[in-house]
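Chemist: This is a predicted model, with the sequence first.
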Amino acid sequence: MTVSYLRLATPEDLPAITGIIEEAKAYLKEQGIDQWQGAYPAANHLEQDIKDELTYVLMVGDEIAGTAALWLGIDPMYLHIEGGEWINGPEARYSAIHRVAVSSKFRGQRLSEKMISGLLTIARSLGYKDVRVDTHPENKGMQHVITSNGFDYKGIIHMEDGDNSERYAYQIILK
């Protein structure tokens, strides 16, 4: 059995991370989902997240199979929610999972769920019991991954990327 684990991304991982994000953009486009079809996430976002030690990579053997960011603290996009509310309020101490993507080489192996589970472990080990995540309303695959990991739907948030597009928002409270 091949070992798999999460680790903090390094600057040397940027080309692999960028490639995985580009594959994810193409995959979403193939499905007719208007998520990540503009400049976001751009190379500068990915590079800054690595510098800020927010990006993790999922290793399968010696290959980077996936990537995600674990934001620690208040995310401005989560301050306003429609059609529901956060359990601990919009300004509680929480972490947020962003930019989850798996390489096309590893697609279909349920690695997104494994990556989310690993990020929950990291968040909890850093003292964050409240974890939030969002996805595009048409991204049924990611919605399944999110709810399969125990998150509950909380309402709609809006992206701050200029188009103010809607995202379904989810939350889990860890023990």
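Modeler: Okay, I see it.

Chemist: drop to CA atoms for contacts and neighbour counts, all remaining ones
Modeler: Fine.

Chemist: Low-confidence regions, this structure specifically.
Modeler: For the chain, applying pLDDT under 70 flags the ranges 1, 161-164.

Chemist: mind checking the longest helix of it?
Modeler: In the chain, with assignment by DSSP state H, the single longest helix is helix 14-30.

Chemist: what's that helix packed up against?
Modeler: Using 3 or more CA pairs under 8 Å, 6 or more residues apart in numbering; DSSP states H and E, the elements in contact with helix 14-30 are helix 43-51, strand 63-72, strand 94-102.

Chemist: wait, which of the ones you listed is closest to residue 128?
Modeler: strand 94-102 (5.7 Å; CA to CA).

Chemist: circling back: now mean neighbour count too, for the helices and strands packed on helix 14-30, in JSON lines please.
Modeler: Formatted as JSON lines, those follow (neighbours: other CA atoms under 10 Å):
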{"stretch": "helix 43-51", "mean neighbour count": "16"}
{"stretch": "strand 63-72", "mean neighbour count": "22"}
{"stretch": "strand 94-102", "mean neighbour count": "22"}
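
Chemist: Any chance of JSON lines for these, columns distance to residue 85?
Modeler: Listed next are those as JSON lines, based on distance: least, CA to CA, whole Å:
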{"stretch": "helix 43-51", "distance to residue 85": "27"}
{"stretch": "strand 63-72", "distance to residue 85": "20"}
{"stretch": "strand 94-102", "distance to residue 85": "14"}
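
Chemist: Tell me which of those approaches residue 11 most closely.
Modeler: helix 43-51 (6.5 Å).

Chemist: what's the angle from the closest one to helix 14-30?
Modeler: 130 degrees (axes from the mean of the first three to the mean of the last three CA atoms, to 10 degrees).

Chemist: elements contacting helix 43-51?
Modeler: Contact here means 3+ CA pairs under 8 Å, 6+ apart; on that basis helix 43-51 packs against helix 14-30.

Chemist: Could I have the CA atoms of the helix it packs on written out in PDB?
Modeler: Output in PDB follows, covering the C-alpha atoms of helix 14-30 (Å, rounded to 0.1, in the frame of the first residue of the first chain):
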ATOM      1  CA  LEU A  14       4.500  25.800  -6.600                       C
ATOM      2  CA  PRO A  15       4.800  24.400 -10.100                       C
ATOM      3  CA  ALA A  16       3.000  21.200  -9.100                       C
ATOM      4  CA  ILE A  17       0.300  23.100  -7.200                       C
ATOM      5  CA  THR A  18      -0.200  25.500 -10.200                       C
ATOM      6  CA  GLY A  19      -0.600  22.500 -12.500                       C
ATOM      7  CA  ILE A  20      -3.200  20.900 -10.300                       C
ATOM      8  CA  ILE A  21      -5.200  24.100 -10.000                       C
ATOM      9  CA  GLU A  22      -5.100  24.500 -13.800                       C
ATOM     10  CA  GLU A  23      -6.300  20.900 -14.200                       C
ATOM     11  CA  ALA A  24      -9.100  21.600 -11.800                       C
ATOM     12  CA  LYS A  25     -10.100  24.800 -13.700                       C
ATOM     13  CA  ALA A  26     -10.300  22.700 -16.900                       C
ATOM     14  CA  TYR A  27     -12.300  19.900 -15.200                       C
ATOM     15  CA  LEU A  28     -14.800  22.400 -13.800                       C
ATOM     16  CA  LYS A  29     -15.100  24.000 -17.300                       C
ATOM     17  CA  GLU A  30     -15.800  20.600 -18.800                       C
END
